[in-house]
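S.K.: next come a sequence and a model predicted from it.
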Amino acid sequence: MQSLPPESPARLLARLVVESMLDKSRNVYGKYVLMKDVLQREFGLEAVGVGEIVECRRLIRARATGELEADQNITMLFHGTVVEKGIREELNLRKGDLAFRRVGNYLLFGSSDALLNIGDMQLPVEIKSSMSFTLPRDSHFLQCSLYAFLYRVPYGILMFLSRKFRIYVVPAVDEQTVTRLLSMWKELCPLFVEECKHCPLRKLGRCSGGDRDLNKRSWLYNLTLSLRRASAEVIIDRDFVRDVTQEVFRERNKGT
Ligand code: SF4
């Protein structure tokens, strides 16, 4: 019988997963920071990615430069990537194109997780998942709404997979709101203080957290609350599947 290599198969697989996620994370964030710098040089405008508005920019830089070698969020990154890819493939959606939109002295850019054709519109889709939260966070609604603004369509689609699969149709924010949001973003890092709770840099003792003054953020919380309230929601649970199945059978029977 052949003896096992010093590294057991399970350990080898775990190491491959971790290495691939760290590479992916460095690549994605590295390209992002590079693109931002090139855009800034070429257009003389401050380039801001949609993701950067809702995530902490200090954390983004740390991931891009490799400062964050032992990323403690590896399970979360892996989970997010697998879910995003799986939903895109299952629903036969393609990745969103890179888009740009000038807002005052800023150049907003980004590409959504997917695009969904509805009538003659192509709506951006933001795919989120969580192993611990049952509802999407405020930042998820805002990010989805910002993509709709960026793609110049009235709505974005937020898909959230937790214990249930929830789909929201989120209205786009207007230009005035984005202008105000960008000036707030410039002043506060991160915009959403929840980011600091699970931040790997904080756990490693390399950052003590951002500005926690909630008063400064009251406008932002009102904005996200209004987006949440204005978003139509569909929950795909067992009842929903049963209702849709019955509807499909009814339609089929009509045709026979
Ligand atoms: S602790 Fe907060 S401010 Fe510091 S890097 Fe993490 S998310 Fe950003």
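M.R.: Yep, that arrived. This structure is a prediction, so every number in the text was calculated from the model and none was measured.
S.K.: low-confidence stretches in the chain?
M.R.: Low-confidence segments of the chain, defined by pLDDT under 70: 1-5, 25-26, 69-75, 255-256.
S.K.: what does the stretch 1-150 of the chain put close to the ligand?
M.R.: Residues of the stretch 1-150 of the chain found near the ligand (CB under 6 Å from any ligand atom) are Cys56, Arg58, Leu59. Every C-beta, even on glycine, is put in place using the N, C-alpha and C of the backbone.
S.K.: can you pull out the helices in the stretch 51-200 of the chain?
M.R.: Taking DSSP state H, counting those that start in this stretch as the test, the helices found in the stretch 51-200 of the chain are 57-65, 74-90, 138-150, 175-187, 194-197, 200-203.
S.K.: for the last one, packing partners?
M.R.: Taking 3 or more CB pairs under 8 Å, 6 or more residues apart in numbering; DSSP states H and E as contact, the helices and strands that helix 200-203 lies on are helix 57-65.
S.K.: list the buried residues for the helix it packs on?
M.R.: By neighbour count on 16 or more other CB atoms under 10 Å, the buried set for helix 57-65 is Arg57, Arg58, Leu59, Ile60, Ala62, Arg63, Ala64.
S.K.: phi, psi for the closest residue to the first one other than its chain neighbours please.
M.R.: So that's Arg57. Nearest residue to Arg57, sequence neighbours excluded (CB to CB, 6 or more residues apart in numbering): Cys189, at 5.8 Å. Dihedral pair for Cys189: phi -140, psi 120, per degrees, to the nearest 10.
S.K.: so Cys189 makes contact with Arg58?
M.R.: Yes: with contact defined as CB atoms under 8 Å, Cys189 reaches Arg58; the gap is 6.2 Å.
S.K.: any idea whether Asn253 is helix, strand or coil?
M.R.: helix (DSSP: H, G, I helix; E, B strand; the rest coil).
S.K.: okay, the angle between the longest strand seen in the chain and helix 138-150?
M.R.: Secondary structure assigned by DSSP state E gives strand 121-129 as the longest strand of the chain. Interaxial angle, strand 121-129 versus helix 138-150 (axes from the mean of the first three to the mean of the last three CA atoms, to 10 degrees): 160 degrees.
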